[in-house]
Each structure stands twice: as C-alpha cells, then as structure tokens.
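Chemist: any chance you could fold what I've pasted below:
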Amino acid sequence: MQHYTLKEIREKRFDPKRSRARIISERYVVLNAIGKLVSPYPTYAFLNLGLTPDVITLVSIGFIIASAGFFLAGQSVLAAIGLLCFLLCDSVDGDMARVRGSTRYGGVIDSYGADFFYALIPSSIGFFLFSRGTTIAAFSPEVVLMIAVSVSLTFTLYRSINIKLVGFLEREGAITKGDAFSGMNSEGKFSVSLWARKVVKLFRHEVVKGNFFSEPGLVLWFSLGMFTGAYAALAWYLVALLFYNLVWLLITLVRSYITFLHIEKTPHSNS
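Modeler: Presented below is the predicted three-dimensional model:
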C-alpha cells in the first residue's frame, strides 16, 4: 500500500485550476477556511488506512442522516456535532481525491451529500424547534415547522430546476458545464442581459452565500444555535433562509424565461 506524506497532502489540498469564486470561498467563508486548515490531518490518516474518497463521501452522507435523526430525537448537541463532521468529511474527500485520484462518478456521489443536506437538515431542525415550542413574533411552533419544511423544499426545487436547465443548455450548445446562467460561451451563442447578471452576482456573492445561505453557512449558524440554545434566533434564521430562497427561485424562473427567449432566437448549429 502506498504511503502518503502530510507534506504531499498539504501541497495538493487546493485545486490549481479552481475558479476565482472557489478561491474566495476557501479564504473568506469561515468554516471552509477552518476546514482547509484541519483537513490535511484526517486526509493523511484516511489515505494511509487505505480508504478511498468515495468511502469518505458516503460517510459524510451518513453524518447528515445521523444528524437529522438526532434533531428528531431532540439531541441537539449530537446533531450539531454530526453537521460539523459532515462538513469536515466533505472537505476531506476532495483533498483525498486530489492526492489519490477520483473515480469518474465521484463528483456525482459528492453532489448527493448536498441533496441529502438540503432535504433533511432544515426540516429536521424545524421539527426540533417545533418540539421545543419555539415561537417568534406571531409565528406559532406549527408555523416555524412549516417555514423549515419550506426551506428544504425551496432548496430542493432550485437544485432540481438548475439541473434540468444545465442539461438543456448543454444539449443546445449554449454552455459547456456548470451554471445554467454562466453568461456567454466562447462561441458567443448565449448571453444573459448585463443588468440581470449584475443583480444575481451581488445576490449570490460567494462570501454572502457561503457564510449564510449554503452548506458551510448553514452548518455554522445551525451549530452555534444548537450549542448556545438560541432557538428563537434559529427560527428567525430559517425565516431569512426562506426569504432568500424564494427570491432566488423567482430570479431563477425569470432568468429561465430570458434564457429560453435567447435560445429560441438563436439558430441551431449545423455542427
């Protein structure tokens, strides 16, 4: 079995071809930055034990499921620890893949973690708050639970819509990979209006999104809320998440319509 050194792991923990947004996320998103400092050590241990990146990805999904179960059982501290372990494993599997190499399906399995996270965690936290009788303003515990379930639903809806759009635009030759609204490709076949791109760029800035509205931010604030018992603050955070998701879902639908108008006016390629 090959032996991996800590120096080798540290040198390869950052993807040299990563995007500017990824660099910003790794530097200025709190839990991502902490994760990059800590991850070389479990990466070193797992690699030298002969474990593969895909195994750690599956372990990270297991932590999500366990965390949701702990929330449902009322064990908030264990649930928060499970969330932190998930996020660490989610960083470690990428580090392992850069050192050892990844399978062709590794990225797909990794994306399952986000699907499980968004579908299970906000709604299970909502149930935990409901079971504690948490109220905020005029919102009863039942309304808090409905808000939390709606957060999970809107996250899932956006991801589903974006996957369908990416697949459609790739078939149309409008984009090659990634974001369904990435702008104009190298052949100039597709472009979203400048104002729309500026609005969304501000709305989805990596520092804002990463620290508050995606997995690292959600894990940070959910964990802090559970460790400190700030349940009312967590309920307000769920309200903010729902508002953010609804606005982003609306933007996605509007931009989808704009996209389809552009595609409809673009002649089909003969290639």
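Chemist: how about the contacts made by residue 13?
Modeler: Neighbouring residues of residue 13 by Cβ atoms under 8 Å, 6 or more residues apart in numbering: 36, 39, 40, 43, 95, 98. All C-beta atoms are positioned from the backbone trio N, CA, C, and that covers glycine.
Chemist: then residue 204?
Modeler: Counting by Cβ under 8 Å, 6+ apart, the residues that residue 204 touches are residue 248.
Chemist: what do you get for the one 3 residues further on?
Modeler: Residue 207 is in contact with 24, 25, 28, 29, counting by Cβ under 8 Å, 6+ apart.
Chemist: can you rerun that using 7 Å?
Modeler: 24, 28, 29 (Cβ atoms under 7 Å, 6 or more residues apart in numbering).
Chemist: which residues of the stretch 51-200 of the chain score low on pLDDT?
Modeler: Applying pLDDT under 70 to the stretch 51-200 of the chain flags the ranges 173-200.
Chemist: quick one: the helices in it, in order.
Modeler: 53-72, 76-100, 106-131, 141-172, 194-203 (DSSP state H, counting those that start in this stretch).
Chemist: of all those helices, which one is nearest residue 7?
Modeler: Among the helices of the stretch 51-200 of the chain, helix 76-100 comes nearest to residue 7, with 11.1 Å by Cβ to Cβ.
Chemist: what is the nearest of the contacts of residue 13 to residue 82?
Modeler: Taking the contacts of residue 13 together and measuring to residue 82 by Cβ to Cβ, the closest member is residue 39, at 17.4 Å.
Chemist: and the closest one, its phi and psi?
Modeler: Main-chain dihedrals, residue 39, degrees, to the nearest 10: phi -60, psi -30.
Chemist: state the distance from it to residue 88.
Modeler: From residue 39 across to residue 88, the span is 7 Å (Cβ to Cβ, to the nearest Å).
Chemist: swap in residue 240?
Modeler: Per Cβ to Cβ, residue 240 is found 25 Å from residue 88.
Chemist: state the distance from residue 51 to residue 146.
Modeler: Using Cβ to Cβ, we find residue 51 at a distance of 41 Å from residue 146.
Chemist: equivalent analysis for residue 104, please.
Modeler: Going from residue 104 to residue 146 by Cβ to Cβ gives 41 Å.
Chemist: so between these two, which is more surrounded?
Modeler: Applying other Cβ atoms under 10 Å to residue 104 and residue 146 shows that residue 146 carries more neighbours, namely 16 against 6.
Chemist: nearest residue to that one in space, please, no chain neighbours.
Modeler: Excluding its sequence neighbours, the residue lying closest to residue 146 (Cβ to Cβ, 6 or more residues apart in numbering) is residue 126, at 7.7 Å.
Chemist: tell me which residues touch that neighbour, please.
Modeler: Neighbouring residues of residue 126 by Cβ under 7 Å, 6+ apart: 144, 145, 147, 148, 149, 238.
Chemist: need the residues you listed in a markdown table with distance to residue 60, can you?
Modeler: A markdown table is the format used below for the contacts of residue 126 (distance: Cβ to Cβ, whole Å):
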| residue | distance to residue 60 |
| --- | --- |
| 144 | 28 |
| 145 | 26 |
| 147 | 26 |
| 148 | 22 |
| 149 | 23 |
| 238 | 23 |
